[in-house]
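> coordinates only, sequence not included:
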């Protein structure tokens, strides 16, 4: 029978699994809360500070005529317009400039690395005017995005809120925006200043143009006649003439001193003056050093002359040293004399050039005297225009400044103070959301696979009533194995021909009172052939018959949830223990299989297993591994624990929670009657393999 909706038992099993894995949900919930707390701590906090402004339409200016109508409209629309003015670029740009927000990483340009690569590829600390303007515009937009201006209901109160990463900065920005707005309004409400600009502005423009033209004529006349002015409003020619005259006087004095020095040295050298006199005249350090050496050597020569004969080698050597040092002194004196003469020649040449240059400048100065008269006339005209323009401009500024004494219509009634807590992130909310999200993820991890499998089973893959496959019988075999249909549409009392329901024919296994068609050795050989990777052509006949059943069940299996197969018989005379082993071993290559022995009527499967469980084994004990690598569980031992025979093995397994751990559960059951098979198909089992004697089935 096909089922399109989960049964109550399916939902109960899902809740049981959820209760068993509740620790996963709790762990994920705690992990989600901890992660949310960590994220909330790592997030940059946002603080919001608010300033309240009152727009008072009843304010009158001190010098305003009381009899004149108020210039500031007493209308609520004025407040709405001021909300827009507070967010205008004219107000925000002043805030950006005053607080230097272009250098603030939160509103202005983000700090960039100034390392080797930036300098290598042209990085420069100097910004072009276009770049500075773009940065300022970006800071203005960032400040506009960070602020919110709203009107408090229908009142004349405006609330200005600013979000920033620092509570102090948020308060400073909010107060600065309002203060800038008030200062801007003070200048704009002055009607007197605008009137002065309208009436006197044109005259100021004319005077400004006249002044520019007069100054331009002065500069053009200077350029045409090569008359360059100095800082003291003198001509450059006069200044140059004075400087050349001073330089010529200094150079002539230096030339006279150099010539006197050279002449004196030359005279003393020619006269053969003493070394002491030469050293004093030349004032040369080299000559002074040589003179000291000469005195030392001469003293040594005198001492040797008194003690030794004239032909003594030491005396001869001392006389040679004395002569050599004197020659060095004479050579140094001649060099000094030559240097003094060279300096005198250089100074003489420099004086000559200065005299020529002075004559040239003096001639040009005489020619400039004719142009000075015209230049003075032009300069007087320019000075007159400048005086008139400055006087009129000063008077205009005076009137404008007097009119600037006004009372603003807006005033701060509640200045912003640094907030104590951020508006983002809300740590408690984030932790609560993390707790909920973690719990949802934990629930998904705990029962998500089972819930998905349940939905997939009943929505996309409804459980078939019965499935039949073509009979691939191995010749001549004894017992047919059939897949039993679900009986709501086909009552078991009206069963079709068993030959038509047969899936495969198996040989009779060893049992008491029946001749055997196959011994145990052949059965085990068939198992190990399949486990060793034997192909279909290499399989033994018995294994081919079993493999036919396996392929039939696998073709109807849906991945993602466990399949439960119950192996039973209707007469109890056929031993299905070996068939259960064979079927479980056949599934080893693809699935994790649990083989359950719950057959109390026939010869038990447990003693035949290679590894026998302990008699006290219960459902929560660890399952022992057999040599065939099958997880084995015996429900026949300790039967007194499950004395109620109405509870089948599949019910016990569902309560124990073992089925989600396996892909396939094969249960060797006691003989069942038709109503029991029907109940099994309706409750839990995906397939029921019923074994009957062939002779009985045919009869």
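Great, that's in hand. Here the structure is a predicted model, which means the values were calculated and not measured.
> which of the helices and strands in the protein ranks last by mean pLDDT?
strand 624-625 (a mean of 38; mean pLDDT, DSSP states H and E).
> just checking, what packs against the next helix or strand after that one?
Following strand 624-625 in sequence order, the next helix or strand is strand 631-634 (DSSP states H and E). Judged by 3 or more C-beta pairs under 8 Å, 6 or more residues apart in numbering; DSSP states H and E, strand 631-634 is in contact with strand 593-598, strand 624-625. C-betas here are computed from N, CA, C, even on glycine.
> pick the most deeply packed of those.
strand 593-598 (a mean of 25; mean count of other C-beta atoms under 10 Å).
> so what strands line up beside it?
Here strand 593-598 has these sheet partners by DSSP bridges: strand 631-634 (parallel), strand 664-669 (parallel).
> in stretch 377-385, what counts as buried?
378-379, 381-382, 385 (16 or more other C-beta atoms under 10 Å).
> out of those residues, which sit inside helices?
When DSSP state H defines the helices, the subset of those inside them is 378-379, 381-382, 385.
> including distance to residue 452 and pLDDT, could those go into CSV?
Output for those, formatted as CSV (distance: C-beta to C-beta, whole Å; pLDDT from 0 to 100):
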residue, distance to residue 452, pLDDT
378, 99, 80
379, 99, 80
381, 99, 84
382, 95, 84
385, 94, 85
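> do I have it right that residue 255 meets residue 349?
No - applying C-beta atoms under 8 Å as the test, residue 255 and residue 349 come out as separate, 9.4 Å apart.
> for the stretch 301-450 of the chain, what spans make up the strands?
Using DSSP state E, counting those that start in this stretch, the strands found in the stretch 301-450 of the chain span residues 410-414.
> sorry, that was for the chain
Assigned strands in the chain, in chain order: 47-55, 147-151, 157-164, 410-414, 479-483, 502-506, 563-569, 593-598, 624-625, 631-634, 664-669, 687-691 (criterion: DSSP state E).
> next, the angle from the second one to strand 157-164.
Angle between the axes of strand 147-151 and strand 157-164 is 170 degrees (criterion: axes from the mean of the first three to the mean of the last three C-alpha atoms, to 10 degrees).
> residue 416: neighbour count?
Using other C-beta atoms under 10 Å, residue 416 has 24 neighbouring residues.
> how close does it get to residue 101?
To residue 101, residue 416 is 17 Å away according to C-beta to C-beta, to the nearest Å.
> residue 169 now?
Distance, residue 169 to residue 101, using C-beta to C-beta: 10 Å.
> and these two? Which one has more around it.
residue 101 (24 against 20).
> mind listing what that one touches?
By C-beta atoms under 8 Å, 6 or more residues apart in numbering, residue 101 lies in contact with 95, 107-108, 139, 142-143.
> ok, 10 Å please
By C-beta atoms under 10 Å, 6 or more residues apart in numbering, residue 101 lies in contact with 92-93, 95, 107-108, 135-136, 138-140, 142-143, 169, 173, 176.
> coming back round to it: which one of the ones in helices among the buried residues of stretch 377-385 is nearest residue 209?
Nearest to residue 209 among those is residue 385, at 9.5 Å by C-beta to C-beta.
> isn't that closest one up against residue 216?
No - using C-beta atoms under 10 Å, residue 385 makes no contact with residue 216, being 11.4 Å away.
> which residue packs closest to residue 172, ignoring adjacent ones?
Leaving aside its sequence neighbours, residue 172 sits nearest to residue 99 (C-beta to C-beta, 6 or more residues apart in numbering; 7.3 Å).
> with neighbour numbers in mind, choose between residue 255 and residue 349.
Neighbour count, other C-beta under 10 Å: between residue 255 and residue 349, residue 255 has more, with 20 against 12.
> how near is that one to residue 318?
Distance of residue 255 to residue 318, given as C-beta to C-beta: 45 Å.
> same check on residue 597?
From residue 597 to residue 318 the distance is 134 Å (C-beta to C-beta).
> kindly report the same for residue 31.
Distance of residue 31 to residue 318, computed by C-beta to C-beta: 106 Å.
> compare the two (neighbour count), which wins?
Neighbour comparison, residue 31 and residue 318: the larger count goes to residue 318, with 21 against 15 (by other C-beta under 10 Å).
> which residues touch that one?
Residue 318 neighbours (C-beta under 10 Å, 6+ apart): 297-305, 308, 312.
> one more: residue 305?
Contacts for residue 305 (C-beta under 10 Å, 6+ apart) come out as 312, 315, 318-319.
> try 8 Å
For residue 305, the contacting residues are residue 315, by C-beta under 8 Å, 6+ apart.
> look at it and report its pLDDT.
Listed pLDDT for residue 305 reads 78.
> coming back round to it: now which of the contacts of residue 318 would you call buried?
By neighbour count, with 16+ other C-beta under 10 Å, the contacts of residue 318 hold 297-298, 300-301, 304 as buried.
> quick revisit: just put the strands of the chain in CSV and tack on distance to residue 450.
What follows is the strands of the chain, written out as CSV (distance: least, C-beta to C-beta, whole Å):
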stretch, distance to residue 450
strand 47-55, 47
strand 147-151, 50
strand 157-164, 47
strand 410-414, 60
strand 479-483, 26
strand 502-506, 30
strand 563-569, 14
strand 593-598, 17
strand 624-625, 26
strand 631-634, 19
strand 664-669, 15
strand 687-691, 20
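> just the ones you listed: most buried one?
Here the criterion is mean neighbour count by mean count of other C-beta under 10 Å, and of the strands of the chain the winner is strand 664-669, at a mean of 27.
> averaged pLDDT, that strand. What do you get?
For strand 664-669, the mean per-residue pLDDT is 79.
> before we move on, back to that, which of the contacts of residue 101 fall in helices?
Judged by DSSP H, helices contain the following of those: 92-93, 95, 135-136, 138-140, 142-143, 169, 173, 176.
> any buried residues in stretch 201-213, and which?
Neighbour counts over stretch 201-213 (16+ other C-beta under 10 Å) mark 207, 210-211 as buried.
> for stretch 384-392, that is, sorry about that
By neighbour count on 16+ other C-beta under 10 Å, the buried set for stretch 384-392 is 385, 389.
> also stretch 10-17?
Neighbour-count burial for stretch 10-17 flags 10, 13, 17 (criterion: 16+ other C-beta under 10 Å).
> do you know the pLDDT at the last one?
On the pLDDT scale, residue 17 is placed at 82.
> how near is it to residue 24?
In terms of C-beta to C-beta, residue 17 sits 11 Å off from residue 24.
> what residues do the two have in common as contacts?
residue 446.
> circling back: ok, the contacts of residue 318 vs residue 445, which is closest?
Set against residue 445, the nearest of the contacts of residue 318 by C-beta to C-beta is residue 297 (109.6 Å).
> low pLDDT regions in the stretch 551-699 of the chain?
554-562, 570-591, 600-630, 636-661, 673-675, 677-678, 680-684, 693-699 (pLDDT under 70).
> dump the residue contacts of the residue nearest to residue 172.
Listed by C-beta under 8 Å, 6+ apart, the contact set of residue 99 reads 172-173, 176.
> neighbour-wise, which one of these leads?
residue 173 leads the contacts of residue 99 on contacts (other C-beta under 10 Å) with 26 neighbours.
> fine by me, thanks again.
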